[in-house]
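1. Sharing a model prediction with you, sequence too.
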Amino acid sequence: MNRTVIGRILIVIGVLLLIGALSLYLYNRYDADRAATASTETEEKLSDAMINAVGSEYSLEVEEDENGELYSVVTLTVDEEGYIGILSIPSFGLELPVLSEWSYAGLKNSPARYTGSASAGNLVICAHNYERHFGNIKNLSTGASITFTDVTGAVYEYEVIEVETIQPTAISEMITGDWDLTLFTCTRSGAARVAVRCQLVS
């Protein structure tokens, strides 16, 4: 095989790699935009439902934490999915609905409760690292304000205490500790988790 043929093969391979990289980038952009739109639409529906809901429309579940303590989780259903409230991150202009139970399918549209509850002071919320979900939480500053409004209208105001990187296998470390609220997502590479630790202000 002469150099000309080898050169052409390398050019074709290079073009195919560029097309693959461009396709992946465009898909990721599409997926992020789709997720942002889905969250916005759901947040609007959930806000309306929270204003107009009557007692019979709420669901109450009782769960047990890692210490054996019981706590309650109140949900409201929108489009056949249960939600616990709306998370507000003013630093990024985000108003996000929070699913009551996490799943890989659910995270494609909204952040979700991983464990705990706001009323019990142990709420952990996870989300994908989409730009309009938790993609920028690694940039939150100490003292930044975060608000969670549960579906009954109770408002919990938090401040960021620290932002840390945790190994993806450190599940116990993620959900334990003296934190009223933890937000977490994958790093861009997926090799670790970014965890934002918050304490209740009011």
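-> That came in fine, so what should we check first?

2. mean confidence score for the longest helix along the chain?
-> With secondary structure taken from DSSP state H, the chain has its longest helix at helix 3-52. Regarding helix 3-52, the rounded mean pLDDT is 77.

3. Tell me who's in contact with the residue nearest to the spatial centre of the chain.
-> In the chain, the centroid-proximal residue (Cα atoms, centre = their mean) is Ala127; its distance is 2.1 Å. When contacts are counted by Cβ atoms under 8 Å, 6 or more residues apart in numbering, Ala127 is found next to Leu96, Leu107, Ser110, Pro111, Ala112, His133, Phe134, Leu183, Thr185. C-beta: built from backbone N, CA, C; applies to glycine.

4. State the distance from the spatially closest residue to Ala32 that is not a sequence neighbour to Ile161.
-> Distance criterion Cβ to Cβ, 6 or more residues apart in numbering; nearest residue to Ala32, sequence neighbours excluded, is Tyr130 at 4.5 Å. Remark: distance between Tyr130 and Ile161 (Cβ to Cβ, to the nearest Å) = 24 Å.

5. which of the two has more neighbours?
-> Counting neighbours by other Cβ atoms under 10 Å for Tyr130 and for Ile161 shows that Tyr130 has the greater number, 21 against 16.

6. which stretches of the chain form strands?
-> Under the criterion DSSP state E, strands of the chain are mapped to 58-64, 70-78, 81-89, 94-99, 112-115, 123-126, 145-150, 155-166, 181-186, 193-200.

7. Tabulate the ones you listed in a markdown table, adding columns for mean pLDDT.
-> Formatted as a markdown table, the strands of the chain follow (pLDDT from 0 to 100):
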| stretch | mean pLDDT |
| --- | --- |
| strand 58-64 | 89 |
| strand 70-78 | 92 |
| strand 81-89 | 96 |
| strand 94-99 | 97 |
| strand 112-115 | 96 |
| strand 123-126 | 96 |
| strand 145-150 | 97 |
| strand 155-166 | 95 |
| strand 181-186 | 94 |
| strand 193-200 | 95 |
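
8. still on that earlier bit, check the residue nearest to Ala32 and give its pLDDT.
-> 91.

9. on that earlier part again, which among the strands of the chain is found nearest to Ile13?
-> For Ile13, the closest of the strands of the chain is strand 181-186, at 30.3 Å, according to Cβ to Cβ.

10. Alpha carbons of the closest one, in CSV - could you do that?
-> What follows is strand 181-186, C-alpha atoms only, in CSV (Å, rounded to 0.1, in the frame of the first residue of the first chain):
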residue,chain,number,x,y,z
LEU,A,181,-29.8,20.2,51.9
THR,A,182,-27.4,18.6,49.5
LEU,A,183,-27.4,19.0,45.7
PHE,A,184,-25.3,16.7,43.6
THR,A,185,-24.5,15.9,40.0
CYS,A,186,-21.8,14.2,37.9
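
11. Show residues contacting it.
-> Strand 181-186 is touched from outside by 87, 111, 114, 118, 123-129, 133-135, 137, 146, 148, 156, 158, 166, 168, 174-175, 192-200, with contacts defined as Cβ under 8 Å, 6+ apart.

12. relative orientation of it and strand 193-200 in degrees?
-> Using axes from the mean of the first three to the mean of the last three Cα atoms, to 10 degrees, one finds that strand 181-186 and strand 193-200 are set 170 degrees apart in direction.
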